[in-house]
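Trainee: heads up, no residue letters with this:
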């Protein structure tokens, strides 16, 4: 929303102008720091009294505009680096952000660590834009559909066209009609799979251009090669894997198997059955105790014993429901007769916690993803539960996507992107939508793109040490946000639970002012006053009556 042009030449430029004036008016001895409060706060300048350095650093704020705003994180950052309890923080914003948590700028004792001021920008909320876009495959026809949602924040009805492109090829044009304040949804149906990013344009001019265009990628249903490594029949596990339409399953008997190790996306290792050691693949371990890629240090197994003192009753006590692995999975009342005690590796985390320790663990190291189930699945009733095939489906999809190339990925503007490069990558080249060329030297398979504030398609290419291109993808980035398209500015900065700290804003808001008070030098006037008093004393002394 800070890219809106209802302020001349834009909201972000107007905010920078106000900050420039504040820096120019700083007194001798004053110091300031500059933080760009985007999705990830970034320090543009640390504390300094050098006005020229501060003004130069301020130019970077314009380049980082776009996407969401994490003001709480920025205020916590500012509070952590200032030692002056009377320090002042001035927020230049249109106020389109969640209510500020007072704890983000307060001390542990509940007192304000920063005196917060608000400089509001923006004058109009009139805007219309694309607030949602995506694609899906029709499971009955295998055709693809593109869906788009348009929100109208204009005081009048919006009647215009929505145009769909694949590259420069026109796909279709649909008409849209949206009443003031309403949302309308469109669907473009019966499309084949399209590998390149799709551009969607709303034929409308307003104060915010960024939400008039959206970019998406079609998610392809990939086929994953899965190797099942087991020394027993394991029929429930085998049948579940065979039932997954995106899995090509084969049995792995030894490292001399007919299929090369580099051909596998996911290894499912049951116990300590022989398996390949492929750093480019992902692994699902089930009660394994010896493998170089384990995300845990296995210990002894413990058996349920109701007669022990205290009784040993393995049961689930915590589930990370935000994890993709646990999507639509309910195992909170799982019956467990035996589980293994494990310690996490530094690069692993717990997804499901049991009374005896971590039960399901995921690991991520140098681009390789692993999952560990700390029990023999047949020492529980998991194989006979409806959640078992869903859990296996989520696991294979997540692990397979980490091993293969990224496809169907669409990123919200301003968000950090974590990508996994192909094995053997030493250099990644990125061309931004504006044509800027970036290079990243890689020591691992991890590639992180922190600056995605520019909307459009990012062209990413991977090269090995010989300079040969070994992979790449086109990454679409778009705004498509209900919050950012509602550009109506706020004259106040809203606070959450304002009464929790010692401030004067008990009504839950900080009133904005475009006149930012700063310390001004008054030595000149003080000297003139002293001279005036001295002159008056001299006059009275020489004219006194003897």
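Mentor: All right, it came through fine. Everything quoted here is computed from the prediction, not taken from an experiment. Residues are numbered from 1 along each chain as shown.

Trainee: Quick check, pLDDT for residue 519.
Mentor: Looking at residue 519, its pLDDT is 44.

Trainee: quick one: low-confidence parts of the stretch 251-400 of the chain?
Mentor: 253-262 (pLDDT under 70).

Trainee: Repeat that for the stretch 401-546 of the chain.
Mentor: Across the stretch 401-546 of the chain, the ranges flagged by pLDDT under 70 are 402-409, 497-526, 544-546.

Trainee: mind redoing it with 80?
Mentor: Within the stretch 401-546 of the chain, the ranges that satisfy pLDDT under 80 run 401-410, 418, 420, 423-424, 444-445, 497-530, 536, 538-546.

Trainee: Walk me through the domains of this structure.
Mentor: For the chain, automatic domain parsing gives the domain ranges 11-125+487-511, 128-221, 224-398, 411-478.

Trainee: Tabulate those domains (TSV), appending distance to residue 527 and mean neighbour count.
Mentor: Glycine gets a C-beta too; all of them are placed from N, C-alpha and C. What follows is the domains of the chain, written out as TSV (distance: least, Cβ to Cβ, whole Å; neighbours: other Cβ atoms under 10 Å):
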stretch	distance to residue 527	mean neighbour count
domain 11-125+487-511	15	17
domain 128-221	49	17
domain 224-398	63	17
domain 411-478	49	17
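
Trainee: could I get these as TSV with distance to residue 541?
Mentor: Shown next, in TSV, are the domains of the chain (distance: least, Cβ to Cβ, whole Å):
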stretch	distance to residue 541
domain 11-125+487-511	35
domain 128-221	68
domain 224-398	81
domain 411-478	69
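
Trainee: Residue 5: which of those is closest?
Mentor: Between residue 5 and those, the tightest spacing by Cβ to Cβ is seen for domain 128-221, at 5.0 Å.

Trainee: Helices along the stretch 201-350 of the chain, start to end?
Mentor: With helices called from DSSP state H, counting those that start in this stretch, the stretch 201-350 of the chain shows them at 235-243.

Trainee: any idea where the strands of it begin and end?
Mentor: Counting by DSSP state E, counting those that start in this stretch, the stretch 201-350 of the chain has strands at residues 213-216, 224-229, 247-251, 266-270, 282-286, 296-303, 316-319, 338-344, 348-354.

Trainee: helices or strands up against the longest one?
Mentor: If you count contacts as 3 or more Cβ pairs under 8 Å, 6 or more residues apart in numbering; DSSP states H and E, strand 296-303 packs onto strand 338-344, strand 357-365.

Trainee: That strand pairs with which strands, parallel or anti?
Mentor: Sheet pairing of strand 296-303 (DSSP bridges) gives strand 338-344 (antiparallel).

Trainee: and the angle for the partner strand with strand 357-365?
Mentor: Calculated by axes from the mean of the first three to the mean of the last three Cα atoms, to 10 degrees, strand 338-344 forms an angle of 40 degrees with strand 357-365.

Trainee: Centre of the chain to strand 338-344, how far?
Mentor: 32 Å (Cα atoms, centre = their mean, to the nearest Å).

Trainee: Can you tell me what sits against that strand?
Mentor: Applying Cβ atoms under 8 Å, 6 or more residues apart in numbering, the external contacts of strand 338-344 come out as 287, 289, 295-304, 314, 350, 354, 356-359, 361, 372, 374-376, 379.

Trainee: Recalculate using a threshold of 7 Å.
Mentor: 287, 296-304, 314, 350, 354, 356-359, 361, 374-376, 379 (Cβ atoms under 7 Å, 6 or more residues apart in numbering).

Trainee: that older thread, of all the strands of the stretch 201-350 of the chain, which one is nearest residue 464?
Mentor: The nearest among these, by Cβ to Cβ, is strand 282-286 at 21.2 Å.

Trainee: Let me see the residues that make contact with the closest one.
Mentor: Residues contacting strand 282-286 (Cβ under 7 Å, 6+ apart): 265-271, 291, 293-294, 368-373, 376-377, 395, 399-400, 402-403.

Trainee: before we move on, back to that, okay if I get the strands of the stretch 201-350 of the chain as a markdown table plus distance to residue 79?
Mentor: What follows is these, written out as a markdown table (distance: least, Cβ to Cβ, whole Å):
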| stretch | distance to residue 79 |
| --- | --- |
| strand 213-216 | 37 |
| strand 224-229 | 46 |
| strand 247-251 | 50 |
| strand 266-270 | 45 |
| strand 282-286 | 40 |
| strand 296-303 | 37 |
| strand 316-319 | 31 |
| strand 338-344 | 32 |
| strand 348-354 | 28 |
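
Trainee: For residue 453, find the nearest of the ones you listed.
Mentor: Here strand 213-216 is closest among the strands of the stretch 201-350 of the chain (Cβ to Cβ), at 14.1 Å.

Trainee: gap between that closest one and the chain center?
Mentor: 18 Å.

Trainee: With stretch 165-177 instead?
Mentor: From the chain centre to the centre of stretch 165-177 is a distance of 29 Å (Cα atoms, centre = their mean).

Trainee: Shouldn't residue 390 be within a strand?
Mentor: No - counting by DSSP: H, G, I helix; E, B strand; the rest coil, residue 390 is not part of a strand but helix.

Trainee: any idea which residue sits dead centre in this protein?
Mentor: Geometric centre of the chain, nearest residue: residue 415, 4.6 Å, by Cα atoms, centre = their mean.

Trainee: Name the SS class of the residue lying closest to that residue once chain neighbours are set aside, please.
Mentor: Spatial nearest neighbour of residue 415, chain neighbours left out: residue 39 (5.5 Å); criterion: Cβ to Cβ, 6 or more residues apart in numbering. Assigned with three-state DSSP, residue 39 falls in the coil class.

Trainee: Kindly report the same for the one 4 residues further on.
Mentor: Taken by three-state DSSP, the conformation at residue 43 corresponds to strand.

Trainee: From residue 31, how far off is it?
Mentor: Separation of residue 43 from residue 31 (Cβ to Cβ, to the nearest Å): 14 Å.

Trainee: Find the nearest non-adjacent residue to residue 388, please.
Mentor: residue 382 is the one closest to residue 388 (Cβ to Cβ, 6+ apart), at 5.4 Å.

Trainee: got the contact list for that neighbour?
Mentor: Residue 382 sits next to 331, 334, 388 when contact means Cβ under 7 Å, 6+ apart.

Trainee: in the stretch 1-150 of the chain, which spans are strands?
Mentor: 32-36, 42-48, 88-93, 115-120, 128-137, 144-152.

Trainee: so what strands line up beside the shortest one?
Mentor: The strands that strand 32-36 pairs with in its sheet are strand 42-48 (antiparallel) (by DSSP bridges).

Trainee: Distance from the chain centre to the partner strand, please.
Mentor: How far strand 42-48 lies from its chain's middle: 23 Å, per Cα atoms, centre = their mean.

Trainee: what's it in contact with?
Mentor: Contact with strand 42-48 is made by 31-36, 53-54, 57-58, 60-61, 64, as judged by Cβ under 7 Å, 6+ apart.

Trainee: can you list those in TSV and add pLDDT and distance to residue 160?
Mentor: Shown next, in TSV, are these (pLDDT from 0 to 100; distance: Cβ to Cβ, whole Å):
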residue	pLDDT	distance to residue 160
31	91	50
32	92	45
33	93	44
34	93	40
35	92	39
36	90	34
53	94	47
54	94	44
57	92	41
58	91	37
60	84	36
61	85	33
64	76	31
